[in-house]
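K.L.:
Just a sequence and a predicted model for now, questions to come.
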Amino acid sequence: MPVLTLNINGLETSGAYARYASEPCYEIATGSSCIYTFDMQESLDVGVHSIEFVDAKYLLVNQD
């Protein structure tokens, strides 16, 4: 499961944004890749002035 870290107004936050992703990239086969694209909207009234992508990490989950 991909976990993204974003810097929003100087505060770093991590989470799985799969519900906003066009392709959530839950699984990536050996030797392949996935482009993680997500669309998230917020009202300008909530005070978000900047959003910066920090990193992406994968949480390994055993589904047996």
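P.N.:
Looks like it came in fine.

K.L.:
and the closest residue to A21 other than its chain neighbours, how many neighbours?
P.N.:
Ranked by Cβ to Cβ, 6 or more residues apart in numbering and with sequence neighbours excluded, the top spatial neighbour of A21 is F38, at 4.3 Å. (Glycine included, C-beta is placed from N, CA and C.) When neighbours are counted by other Cβ atoms under 10 Å, F38 registers 14.

K.L.:
Please report the distance of F38 from P24.
P.N.:
Distance, F38 to P24, by Cβ to Cβ, to the nearest Å: 9 Å.

K.L.:
same check, this time on M40
P.N.:
M40 is 13 Å from P24, by Cβ to Cβ.

K.L.:
Between those two, point out the one with more neighbours.
P.N.:
Between M40 and P24, counting by other Cβ under 10 Å, P24 is the more crowded of the two (17 against 10).

K.L.:
quick one: contacts for that one?
P.N.:
2, 18, 36 (Cβ atoms under 8 Å, 6 or more residues apart in numbering).

K.L.:
For the protein, which segments count as strands?
P.N.:
2-8, 11-15, 51-58 (DSSP state E).

K.L.:
what does the first one contact?
P.N.:
Where contact means Cβ under 8 Å, 6+ apart, the residues beyond strand 2-8 that reach it are 12-18, 24-26, 36, 48, 50-59.

K.L.:
close enough to count as contact, the residue nearest to A21 and S22?
P.N.:
Yes - taking Cβ atoms under 8 Å as the definition, F38 is a contact partner of S22 at 7.1 Å.
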